[in-house]
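Participant: Please work out how this folds:
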Amino acid sequence: MYHSVDEAPSRAARGLSVAPVAFAEQMGVLADRGFEPVTTARLAAAWRAPARVPLPRRPVLITFDDGYESVHRHALPVLARHGFASTLFVSTGWLRGPYDTGGGLDTMLDWDQVRRLAAGQVEIGGHSHTHPQLDQLADATLDFELRHCAEIIAAELGTRPVSFAYPYGYSDRRVRAAVRAAGFAQSLAVGNGLARRRQGPYALQRITVRRATGTEEFGRLVEGHAIGRAFAGDRALTKAYALVRRARQIRRKAIGTRV
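Facilitator: From the prediction side, this is the model:
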């Protein structure tokens, strides 16, 4: 899971970015080790019908969240050089153009750039409209965030998106059901673990690539080695914050009941 690929990102996006040279080295690791990147849609289709849509021997997902302009500027040429497929999950209200709500953390893609990415083996998926914590939203707002995102992508690209990624990685049973009802066939969380078929199509995990992720560590992570140790701190924080979000949900429901 990547976000920005930039040498000098904004302060707000720096923690989500990797340097272009590091990204190029990491893609070289995948190529050297015989990995074959696939889109999220192809992975899900293969797990649903393996005889009809076989996976390569060493499949891997390369994903980008939010929609940073640096993905077009720095990542696309590297991906094209290797012939790698990938998936870009866009928050439609963050992209430059007629739907921009001003929430982007750095320079974001415009729709012409999104179309060029889509023409270059990049699947375009949904990432909500304004990038909220979906599990904290009322049902009507949640439905709007999902459907408006899908409608905008369909209007701009001529194809309705089939894959989704949860902003911040947060979801629960209600959110996953809403994502499915909005027409998305599969969705990615974070989890910092390898995606497994048993996770189901709406809770597939990904591994975060940080700015500090070195080439050797990247190689270990894509091979599935030492993932637990690398993200032990993240998982502890995730569990703690899950309790906070759950308490907020209970409080919101209680207030709604009293009203």
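Participant: Tell me where the model's unsure across this protein.
Facilitator: For the chain, the stretches with pLDDT under 70 are 233-259.
Participant: Please, where are all the strands along it?
Facilitator: Per DSSP state E, the chain carries strands over the ranges 4-5, 17-18, 36-38, 59-61, 63-66, 86-90, 122-126, 163-165, 186-191, 204-206.
Participant: Identify each buried residue in the third one, please.
Facilitator: Of the residues in strand 36-38, those buried by neighbour count under the rule 16 or more other Cβ atoms under 10 Å are 36-38. Using the backbone N, CA and C atoms, a C-beta is placed for each residue, glycine as well.
Participant: now swap in the fourth one and tell me
Facilitator: Neighbour counts using 16+ other Cβ under 10 Å place 60-61 of strand 59-61 among the buried residues.
Participant: Adjacent strands (with direction) for that strand?
Facilitator: strand 36-38 (parallel) (DSSP bridges).
Participant: One more: the first one?
Facilitator: Strands adjacent to strand 4-5 in the sheet, as given by DSSP bridges, are strand 17-18 (parallel).
Participant: Looking at the buried residues of strand 36-38, spot the one nearest Arg147.
Facilitator: Val38 (26.9 Å; Cβ to Cβ).
Participant: roughly how far apart are that closest one and Glu145?
Facilitator: In this view, Val38 and Glu145 are 27 Å apart by Cβ to Cβ, to the nearest Å.
Participant: same question, Pro54
Facilitator: Pro54 is 35 Å from Glu145, where distance means Cβ to Cβ.
Participant: Those two: who's more crowded?
Facilitator: Neighbour comparison, Pro54 and Glu145: the larger count goes to Glu145, with 26 against 10 (by other Cβ atoms under 10 Å).
Participant: Tell me which stretches of the stretch 151-259 of the chain form helices.
Facilitator: All helices of the stretch 151-259 of the chain, identified by DSSP state H, counting those that start in this stretch, fall at 173-181, 215-222, 227-230, 232-258.
Participant: That concludes my questions; thank you for your assistance.
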